[in-house]
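K.L.:
just the structure for this:
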Amino acid sequence: MLAAGLLEELKDFHRRYNREKVAENCQKYQHGIFQSIGFKEFHEYLINGDQCSPETSNLLLTKGIEALKQVTKRYARKQNKWVKNRFLNRPGPSVPPIYGLEVTDALKWEESVLGPALQIVGSFIQGKQPVATPIRFQCDVTENKRSHHRCELCDRIIIGDREWAAHQKSKSHLYQLKKRRKLDLDAVATSPSQSHFPEPDERTA
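P.N.:
Got it, this is the predicted structure:
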């Protein structure tokens, strides 16, 4: 990214669109193109790089590069997790064929990754069958894709056994489950305790 001109692009964009926002203290990196990887990470370098010593400027640049690496790795992990969940762990009927490529040897990138990938995409565009064989999934023959499940916690209706199983493991469902358990524990803790001693008999009082 740096070798392809990232810094020059950031400096140019900062000069034309971002410098005025920073001066007015109204810059928000949570909106629009400013969410892109690079702006937040090089913020200090962009606003101070030309006004400080070369040593300080290099330190800010190094800090931005390290932050860029961390964010890029985090984003890549997030993408991999999404791809695995969406296409590999629980593929639905609308998921296209998935092909596996050997990417461990960077020296063989063109012959092992680029070439086969272009051939697969080209075949798809032309309506032909690719030379490569797609990944086969072991589908559960007993799976009911039309079953209806109602989640009382989330107030949702889930269609399909696989989608129901995925929902039960989802963050939103687990959060609601944790919330319900906490409410139940609070209700038990605040309920009036019952006496273990019998009420006195008015006739013998």
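
K.L.:
mind giving me the domain split of the protein?
P.N.:
2-95, 96-139, 148-187 (the TED database).

K.L.:
tell me how far the ends of the first one are from each other?
P.N.:
Using Cα to Cα, to the nearest Å, the span of domain 2-95 from its first residue to its last is 35 Å.

K.L.:
just how off-centre is that domain within its chain?
P.N.:
17 Å (Cα atoms, centre = their mean, to the nearest Å).

K.L.:
could you do the second one as well?
P.N.:
Using Cα atoms, centre = their mean, we find the averaged C-alpha position of domain 96-139 to lie 25 Å away from the chain's own average C-alpha position.

K.L.:
can you name the next helix or strand after the helix-or-strand element of the chain with minimal mean pLDDT?
P.N.:
None of the helices or strands of the chain scores lower by mean pLDDT, DSSP states H and E than helix 19-23, at a mean of 69. Following helix 19-23 in sequence order, the next helix or strand is helix 43-48 (DSSP states H and E).

K.L.:
which helices and strands sit right next to that next one?
P.N.:
helix 54-83 (3 or more Cβ pairs under 8 Å, 6 or more residues apart in numbering; DSSP states H and E). In short, each C-beta sits where N, CA and C put it, glycine included.

K.L.:
buried stuff in the helix it packs on?
P.N.:
L60, L61, G64, I65, A67, L68 (16 or more other Cβ atoms under 10 Å).

K.L.:
what mean pLDDT would you report for that helix?
P.N.:
Mean pLDDT, computed over helix 54-83, is 92.

K.L.:
how about residues contacting the next helix or strand after that helix?
P.N.:
For helix 54-83, the following helix or strand on the C-terminal side (DSSP H and E) is helix 109. When contacts are defined by Cβ atoms under 8 Å, 6 or more residues apart in numbering, helix 109 is touched by residues V103.

K.L.:
now helix 109: average pLDDT?
P.N.:
Mean predicted lDDT for helix 109 stands at 93.

K.L.:
so how far is E143 from K169?
P.N.:
16 Å (Cβ to Cβ, to the nearest Å).

K.L.:
what sits against C52?
P.N.:
For C52, the residues meeting the contact criterion (Cβ under 8 Å, 6+ apart) are L60.

K.L.:
can you rerun that using 10 Å?
P.N.:
Counting by Cβ atoms under 10 Å, 6 or more residues apart in numbering, C52 touches E44, Y45, N58, L59, L60.

K.L.:
so the first one sits against H14, correct?
P.N.:
Right, the one you point to is E44. No - using Cβ atoms under 10 Å, E44 is not in contact with H14; the gap is 11.8 Å.

K.L.:
and F42, its phi and psi?
P.N.:
With angles defined as degrees, to the nearest 10, F42 sits at phi -110, psi 20.

K.L.:
how much space between it and L7?
P.N.:
For F42 relative to L7 (Cβ to Cβ), the value is 8 Å.

K.L.:
neighbour count: the two, which is higher?
P.N.:
F42 (23 against 18; other Cβ atoms under 10 Å).

K.L.:
can you put the buried residues of helix 54-83 in a markdown table and add distance to Q119?
P.N.:
Below are the buried residues of helix 54-83 laid out as a markdown table (distance: Cβ to Cβ, whole Å):
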| residue | distance to Q119 |
| --- | --- |
| L60 | 45 |
| L61 | 41 |
| G64 | 39 |
| I65 | 36 |
| A67 | 38 |
| L68 | 33 |
